[in-house]
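[1] Quick one, structure for this:
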Amino acid sequence: MKEEGIWKRLTPLVGAQFLGIFNDHAFKMVTVLTAVGISRNYSTDTAFLSIMTIAFVAPFILFSESAGYFADKFSKRVTLILSKAAELLIMLLGVYVFSKVPEWGVSPLIGVMFLMAAQSTFFSPPFSGILPELFPEKDLSKVNGIAGMLSFSAIILGVSGGFIIKSISGNELYMCGVIFSFISLAGFLFSLKIFSVPAANKARKWDWSFIAKHIEGFKFMKSKKSLFLAVLGESYFYAVGAFIQSVLIILAKYNLDIPGTSAVDIGILQLAPALGMGAGCFLAGYLSGNKVELGLVPFGAIGMVVFLILTAFVQGPCVDMGLFMFYPVLFIILIFLGMAGGIFVIPLKAYQQQRTEVSERGKFFGNANKICFTAILFSGFLMFFLSSGTHDVVSKTSGILSFLQSYCLSLTPSSILIILALLTFSVSAYLFWLLPEFAIRFIIVILTKIIYKMRITGAENIPEKGPALLVSNHVSFVDGLLITACTSRSIRFLMHEDYYRYPLLYPFVKWAGFIEVPSMKRVGKMNALFETTKKYLRNGEILCVFPEGKLTRNGVMDEFKEGIRKMLPEEIRVPIIPIRLGMIWGSIFSYYYGKIKFRFPMEFPHPASVTIGPPVADGTTPFEMRQIISELAAETELVPRSEERPIHYQFAKLAKQRPFRKTIYDFGKNKACGNFELLVRAILLSRKIRELSAPEDKYVGVLLPNTSAAALTLLAVMMADKVPAVLNFTSSKASIETAIAKADIKCILSSRLFLEKAGIEKIDGMVFLEDIAKSISKMKKYAAFLTAAFLPRQELMKIVAPESHRDVFRTAVLLFSSGSTGLPKGIMLSHHNISSNVYSFLRIMGWSHKDSIMGSLPLFHSFGLITGFWIPMMTGCKVVYTTNPLDATSIGRALEEHKLTILLATPTFIQAYMRKCAPKQFLSLRLVVTGAEKLRSDIAEKFRKMTGLSLIEGYGCTELSPVVSINVSNSILNIGIIPGKQGSIGPPMPGICVKIVDPATFKVLPPDTDGLMLVKGANVMLGYLNEPEKTAEIIKDGWYNTGDIAKMNGNGYLTITGRISRFSKIGGEMVPHELVENTINEILKTEERCIAVTGIPDKTKGEKLIVFHTYLELIPEKIIEEMRIKGLPNLWIPRADAFIKLEHMPLLGSGKLDLSNIRQLAEKVAADESE
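    Numbers count the residues shown, from 1 in each chain. Down below sits the predicted model:
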């Protein structure tokens, strides 16, 4: 419902209610001030206030059944209009009674108050009942919050207006009645604009039995346990409110140090809790969001207890304001007391409105009002008993009032407030014990408002009524509570017996109504479980199941078990709703740290997301359900976290927080600059880049090896609101020139010293960092230092990078593909692309603040960029750069000297390190991740024997920012020690969805079936630079076509068969080149890449394999024999004459095969054979 639609329906209702409440409280205040102003006796005053309270609430008890009848029998609009008309007549009567006060006294005014209360009795049920008929559930808390705020605003104005109206009227009290009559007329006119609704229950019969009605109503309410308890809680609140209102009057008159307490003094104290009540009601509606949040009730109860005690003991100093005496400390305490009351009562009221049936709402709220005002009536009697005692000797001629007062106590206001605080605590604790939902939602509020920063998407997919089965992944011990936070409905959770029977959890989960899931082997118990779930679903309840059957130990979803369909009753359709829990892995309630124990979280509050998808189609298999939840994850991560910022902003934040910490080290150099110094240098360089590059030039080239200067340059280019185009200096001159032309790069930042060492010719537009450094004056350095030192990071980045400092969807970097299959393509990656990938990578790798990185992979390589630049700039971890990834000696020394924990390399590089490094140099390592090429099992085994570590294979590509999957072990505690699934590239990282489809039809394939691999997620690139057609061809509906043939098992683990371009169709069968390559390499056990398999045309079988090689340890015939022993199909085995020797294997700078060159060589061989 649109905002304007809400107000159009709500304004007449709250207008009529507002003016009625104003009149009630203003009239009551005038009466109180008139009566109390006459008396000077404590017991007389308290007795009068008690009698007033009793008279005011008696009609709500006497007539509430009748009010409920009229609200159900007739249109609630008509009932509301008639009640407002009655109010106008009563106010006209009040004019006459006010005029007779000098003759009759104040007692007749109590009679008018009785009639006003009767009118309110008939107004309240249709008002409460019409709200859920005019507004959907998602708006109810908001509407109730607004109505509650305006109601208590009316109380505020009524209380303050009462003593203002009395002051204006002076001795002419009838003028008070005239003013009240005009206000009542305005309320009547508002009621005429209320939207019409049909009668809820025209068939309801009138029952003349008064006592029977009360008994029947009480039984009716008691039959609805949770609603009945909510009504009791609300009733207690209003009873306490009435009590406090009376206590504050006698507190002001008899306890505070105010000489000659005036009406204004009393009114000011009455005003404070009313102000707080309005704020509390609004706050409760705001905090509830789009649902009814019972978890706020305990916070309100705690606040009431605390501020009642403070009111009793802390009044603070008095300030003479001229017209009145003011107690600022007490005033503030009373405001907070009222605020706590608003937070307490609004969720209870909204809960009642949400849970009552439409046809019973009038009856329900009529009886609820009866209970509520019975409690207020009781508070009047209790007030009389606690404070009205006279201790006089009663004679036979004494009246009944004096007789009763002689048996009462005469407690001070402070003592009464302490009793109320203790009573509030006891009543609240008892209610929470009887209704676990209160306590559960209380814990939920703590989790979602304090410990976690929640992002909920798709909550509207959970039905407001009726049964539903929620299916979710399982990440932490508090998953159930986080899911419950998405709806105001109660959810029953299924919990495996291993967790259900856990001693610390068992009392709570049993009390909270969890359902125990037995072991699958216990067939009888499982059948009983299915009958239990069917029973609850038939009753219209919501159930939630975690089909993995256990918490994730490694951050990725496990296989979904069978049995979901067996939980559903056959005779009704129950929607099955997928839910994805995200970002929770790494929080203190997950297995990220191993055993659950108290520890400070990595982030506080920790991010968490819950995404609820639409109901799935009938017949959805567990594997398909797992895929649906995986896709929900990918779609969720497309939206950045609210605190996510571009990397240069993140580094500015890091540098301000840890200015002296050193993040970047150049191996072989003794000095490293701190974060703040690096920030100042980046700011200075960014100013120069703005001078060197025209405003319309988007890209600035960077041609540098892995050094702190390269990291500084990347930061500076981003701070200049430009995009760094990182050039691959190992590429051919033609490839570099192609990249420069493609991006229209006019300015290239490099180093004269580097060009000399690398033997690279100077390129047009190249600017050297050495020259820039000399051109920066000391004055500019001081200015940059002071600016960075004294400005907050937000203001600093507004000045430094005004266009890019908050735009996470902006292109962060331009990388160029390796050109393994042709000319290099410009790949545009956004800040969100890379940051989302980094976030998943860090969590899946069990990252800690103690980790440090070997920055050996070149920064022009996407994996080198995120691990060697992005992660250190984001987290502040130490990175040690080496300029050459093949310099095994330097890398070994860097690992040993800096005690680095993480190494990232290709398998080819790993072999070089094993040849030239001693085992002791690897001792500090915790993780070694490989990528870019297939990890051979013999290399992994050799490394394990040498270091005790298991190589972790990853998969990705530059277009995917770049990591897609990591072959993690089953538990994060074993990562780097126990390998993942052999031969696999692991499961997709959290937030990334992979599906395997038929290459021809793109139909999704079942598990363990080879097909084309597509990837979806926030990591999918923005596109290819200036190639929209190519981008549209490779990315369709958010799915990136990897071109790889792979299969996925039920656990989500992927196995690459090969690239679709690297298959030969031989005799009708697809033969993967890479698998043949890997088999030959394993047979040869060589440490260097010496084999490349490809295909050429063949007249008999359509195509045949050829094997390019350099040096072979075995003759081709022996290799073929070993391939047959390994069980390879005959079509996969090349002939002996298909082995062709090369002088050098064509490789790219990254160590990958130069497939373009291989293809040219194969075409030459095919041409020679055809001759």
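[2] Against S731, how distant is the closest residue to S840 other than its chain neighbours?
    Excluding its sequence neighbours, the residue lying closest to S840 (C-beta to C-beta, 6 or more residues apart in numbering) is M989, at 4.1 Å. Backbone N, C-alpha and C define where each C-beta goes, glycine included. According to C-beta to C-beta, to the nearest Å, M989 stands 29 Å off from S731.
[3] Settle it for me: which of those two has more neighbours?
    M989 (27 against 20; other C-beta atoms under 10 Å).
[4] same for the lengthiest strand in the chain, what does it pack against?
    When the chain is parsed with DSSP state E, its longest strand is strand 1039-1048. Applying 3 or more C-beta pairs under 8 Å, 6 or more residues apart in numbering; DSSP states H and E, one finds that strand 1039-1048 makes contact with strand 992-997, strand 1011-1017, helix 1028-1034, strand 1054-1059.
[5] since we're on E531, how many residues are nearby?
    12.
[6] how close does it sit to L568?
    For E531, the distance to L568 - C-beta to C-beta - is 12 Å.
[7] what do you get for L1025?
    According to C-beta to C-beta, L1025 and L568 sit 51 Å apart.
[8] of those two, who's got more company?
    Just comparing L1025 and L568: by other C-beta under 10 Å the higher neighbour count belongs to L1025, 24 against 19.
[9] I'd say the more buried one and L829 touch.
    No. Using C-beta atoms under 8 Å, L1025 is not in contact with L829; the gap is 10.9 Å.
[10] between those two, what contacts are shared?
    L814 (C-beta atoms under 8 Å, 6 or more residues apart in numbering).
[11] Buried by neighbour count: which residues of whichever strand or helix holds L269 qualify?
    Element membership for L269, per DSSP states H and E: helix 263-288. For helix 263-288, burial by neighbour count (16 or more other C-beta atoms under 10 Å) applies to 263-285, 287-288.
[12] What is the burial count for the residue lying closest to K138 once chain neighbours are set aside?
    If you skip the residues right next to it in sequence, K138 has N290 as its closest partner in space, 4.2 Å away by C-beta to C-beta, 6+ apart. N290 sits with 18 neighbouring residues when counted by other C-beta under 10 Å.
[13] any idea of the pLDDT on N290?
    Per-residue confidence (pLDDT) for N290: 71.
[14] now the one 10 residues further on
    In the predicted model, G300 carries a pLDDT score of 90.
[15] so who does it touch?
    Contacts of G300 by C-beta under 8 Å, 6+ apart are G280, A284, A340, G341, G342, I343, F344, V345.
[16] 6 Å instead?
    Taking C-beta atoms under 6 Å, 6 or more residues apart in numbering as the criterion, G300 is in contact with A340, I343, F344.
[17] What angle do helix 263-288 and the helix or strand harbouring it make with each other?
    G300 is located in helix 296-313, with elements delineated by DSSP H and E. Per axes from the mean of the first three to the mean of the last three C-alpha atoms, to 10 degrees, the angle that helix 296-313 makes with helix 263-288 is 160 degrees.
[18] Now the element after helix 296-313, going C-ward?
    strand 319-320.
[19] model confidence over whichever helix or strand comes after that next one, on average?
    Using DSSP H and E, the helix or strand that directly follows strand 319-320 along the chain is strand 325-326. The predicted model assigns strand 325-326 a mean pLDDT of 74.
[20] Parallel or antiparallel, which strands does strand 325-326 pair with?
    strand 319-320 (antiparallel) (DSSP bridges).
[21] was I right about F1139 contacting P1116?
    Yes. With contacts counted by C-beta atoms under 6 Å, F1139 reaches P1116, the gap being 4.3 Å.
[22] Give me the three-state assignment for the closest residue to G613 other than its chain neighbours.
    Spatially, and ignoring its direct neighbours in sequence, G613 is nearest to P578 (4.3 Å; C-beta to C-beta, 6+ apart). Look at P578: counting by DSSP: H, G, I helix; E, B strand; the rest coil, its state is strand.
[23] again with the one 10 residues further on
    On the three-state scheme (three-state DSSP), I588 is labelled coil.
[24] picking that back up, output the longest strand of the chain as PDB, restricted to C-alpha atoms.
    What follows is strand 1039-1048, C-alpha atoms only, in PDB (Å, rounded to 0.1, in the frame of the first residue of the first chain):
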ATOM      1  CA  TRP A1039      25.100 -15.900 -16.000                       C
ATOM      2  CA  TYR A1040      28.700 -15.900 -17.200                       C
ATOM      3  CA  ASN A1041      29.600 -18.600 -19.700                       C
ATOM      4  CA  THR A1042      33.000 -19.900 -18.500                       C
ATOM      5  CA  GLY A1043      33.500 -22.100 -21.600                       C
ATOM      6  CA  ASP A1044      34.500 -24.900 -19.300                       C
ATOM      7  CA  ILE A1045      33.100 -28.400 -19.200                       C
ATOM      8  CA  ALA A1046      32.500 -29.600 -15.700                       C
ATOM      9  CA  LYS A1047      30.300 -31.600 -13.400                       C
ATOM     10  CA  MET A1048      28.900 -31.000  -9.900                       C
END
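[25] in that strand, what counts as buried?
    In strand 1039-1048, counting by 16+ other C-beta under 10 Å, buried: W1039, Y1040, N1041, T1042, G1043, D1044, I1045, A1046, K1047, M1048.
[26] just stretch 880-892 next, same as before
    Neighbour counts over stretch 880-892 (16+ other C-beta under 10 Å) mark V880, Y881, T882, T883, P885, D887, A888, S890, I891, G892 as buried.
[27] do the same with stretch 1017-1027
    G1017, A1018, N1019, V1020, M1021, L1022, G1023, Y1024, L1025.
[28] Filter those down to the ones in strands?
    Checked against DSSP E, these include these in strands: G1017, G1023, Y1024.
[29] Specify the beta-bridge partners of the last one.
    Beta-bridge pairing of Y1024, defined through DSSP bridges, involves I827.
[30] I figured it hits L823, correct?
    No. Under the criterion of C-beta under 6 Å, Y1024 makes no contact with L823, lying 11.4 Å away.
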